[in-house]
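[1] Everything below, folded, please.
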Amino acid sequence: MNGNKEILLTDSQSLLLDRESMNESPLSEECYMGMAAEAIFERYHREFSDHSILVLSGSGNNGGDGIALSILFANRGFPVQLFYKSGNHSGAYRKFLSLSELQNFPISDLNSFLSFPGENKPLLILDCLLGTGLSGPPRAEILEIIFHLNRLKSNFPSITILSVDTPSGYSPDSDSPHVRSDILAEVGSRKLNNAFFLLNKITHSFHPIGFPVERFDKKHNTKTYIIERIASKQYKKILKKKIDSHKYSSGSSLFIGGSTGMSGAILLSCRAFHSLGGGISKIFTPSPESSIQLTKEERSFMVESFHASLPPDKFFTKANAIVIGPGLRQEEIPQNFQEILDKKIPVIIDAGAIHATRDWKLHEKTILTPHAGELSSLAGKKFDSIEEEIDFIRSFSIDKFTYLLAKGPMNILGTPRGEVYLIPSPEPKLSTMGSGDILTGILAAFISKTDDMTEAVLLSISLHTNLKKLKKEFPIASDILEFMEGEYSA
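    Prediction:
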């Protein structure tokens, strides 16, 4: 698989990693705290060399990181102010606090930050208020600090906020107030919740500091990863046709969908497949009217209507991939589709066909592609948290021995082996009716060219996301497709 992947941990897993690392390592807690501060300082001090530094430290170890950072910045000649929360501090926190009191910069109680007026001068504020140990919304006193910090940021464009390890108060599962960070510097491990915050496209850095994350992943079987999208030159190389290519070697797909009044969905999927060099296809539709319309749209298309069940067809033995669902009403799903599944041809199950999978026996070459509403319907409930959604995707993929791609700004892919991959694609320009049908056709094209389903998904999302380059601000599906045909036609 071409994309670089990193292990993601939940907050509870991250805390367990911290504890296990501290217990097994000969290094002290204050050593790790100092390493975290040093790593962040080295990454950012040159970038903000003309800034004053203001540090907001909570009472936990995240706050200790902030105090260590205040010392480092002060020792390099930066003007520093530290606001810290009194409380039951760890031994490492107390040591850095004692050391900070020997420095020549002002130190105040955290509540006094509420009187800080702000100024039109370059100021870097380090948010070290809350770490990953927070459960539930922040307490009222911390909420006041967060509100004041966000007001200052709104009033003074010269303020930059850098959050250490996590934006204080942030949860992808609620609308509770949180620090509106410009930069996120994660420490020790990549956090699951932070992956969703990063959809805001803020500056991000990760500082490992020696925690054995890969060993932890194997020991606790976490199997959750974030994966980078693939560069265009890589998927263009895969799409490029060889000199001796013919229509079958270029990829062959069979499409099932396009009920009466919904032929456009299956048309978009089929055209997207051919736009990326697909060699040959055939469409089965339950609607004679759609059959006529589709043939008028493109005379080269092979289109056949069916009633109740799919007819025998030699194309089933030649297809590299089968797509079922775009524009297909549930009551018109072919009654004999389990027989098609039993042939073990790669199958993309989309839209109207997704719910039928409850009764089908799937296999390791099948993939479901629901959007958020379809996923909730498949689960029979709304998810209360991202972790709950990921748990469902993982268990469904294992139980049904299939792949499941939950589409959205953060695409979540479950595999039959229990891995879950998060693939970001935050492109609101592509959030329009029919865009998902185009993605389905793209996926059919890549599945017909690779035996690795995970790689096919990553290639498809990477290419689909890159369609944001089209100039129209509010494109419709045909605009997206026409752009793709011009940009990537093989």
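
[2] Only C-alpha atoms from now on, for both contacts and neighbour counts.
    OK.

[3] for the host helix or strand of Leu254, packing partners?
    Assessed by DSSP states H and E, Leu254 sits inside strand 252-256. For strand 252-256, the packing partners by 3 or more C-alpha pairs under 8 Å, 6 or more residues apart in numbering; DSSP states H and E come out as helix 263-275, strand 280-285, strand 321-324.

[4] between it and strand 280-285, how many degrees?
    Strand 252-256 runs at 10 degrees relative to strand 280-285, counting by axes from the mean of the first three to the mean of the last three C-alpha atoms, to 10 degrees.

[5] quick one, helices of the stretch 201-350 of the chain?
    213-220, 232-239, 263-275, 288-297, 337-341 (DSSP state H, counting those that start in this stretch).

[6] By mean pLDDT, show me the worst of the ones you listed.
    Among those, helix 232-239 carries the lowest mean pLDDT, a mean of 83.

[7] now the helices and strands packed on strand 252-256 as CSV including distance to Pro122 and mean neighbour count?
    As requested, the helices and strands packed on strand 252-256 are exported to CSV (distance: least, C-alpha to C-alpha, whole Å; neighbours: other C-alpha atoms under 10 Å):
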stretch, distance to Pro122, mean neighbour count
helix 263-275, 49, 25
strand 280-285, 60, 24
strand 321-324, 55, 26
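
[8] I'd like those as JSON lines, with distance to Glu339 appended.
    Formatted as JSON lines, these follow (distance: least, C-alpha to C-alpha, whole Å):
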{"stretch": "helix 263-275", "distance to Glu339": "22"}
{"stretch": "strand 280-285", "distance to Glu339": "16"}
{"stretch": "strand 321-324", "distance to Glu339": "13"}
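
[9] Go through these and name the closest to Gly210.
    For the helices and strands packed on strand 252-256, the distance to Gly210 is smallest for strand 321-324, at 44.0 Å, taking C-alpha to C-alpha.

[10] Tell me the strands beside the closest one, with direction?
    Strand pairing for strand 321-324, determined by DSSP bridges: strand 252-256 (parallel), strand 347-349 (parallel).

[11] pLDDT of it, averaged?
    97.

[12] what sits up against that strand?
    For strand 321-324, contacts defined as C-alpha atoms under 8 Å, 6 or more residues apart in numbering pick out 252-257, 345-350, 353, 440, 444, 447-448.

[13] re the thing from before, in JSON lines, list the strands paired with strand 321-324 along with distance to Pro370.
    Output for those, formatted as JSON lines (distance: least, C-alpha to C-alpha, whole Å):
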{"stretch": "strand 252-256", "distance to Pro370": "17"}
{"stretch": "strand 347-349", "distance to Pro370": "9"}
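
[14] Reformat these into JSON lines and put mean neighbour count, mean pLDDT and distance to Asn194 next to each item.
    Converted to JSON lines, those look like this (neighbours: other C-alpha atoms under 10 Å; pLDDT from 0 to 100; distance: least, C-alpha to C-alpha, whole Å):
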{"stretch": "strand 252-256", "mean neighbour count": "26", "mean pLDDT": "95", "distance to Asn194": "38"}
{"stretch": "strand 347-349", "mean neighbour count": "25", "mean pLDDT": "98", "distance to Asn194": "30"}
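
[15] So Ser100 is in contact with Phe73, correct?
    No. Counting by C-alpha atoms under 8 Å, Ser100 stays clear of Phe73, with 11.1 Å between them.
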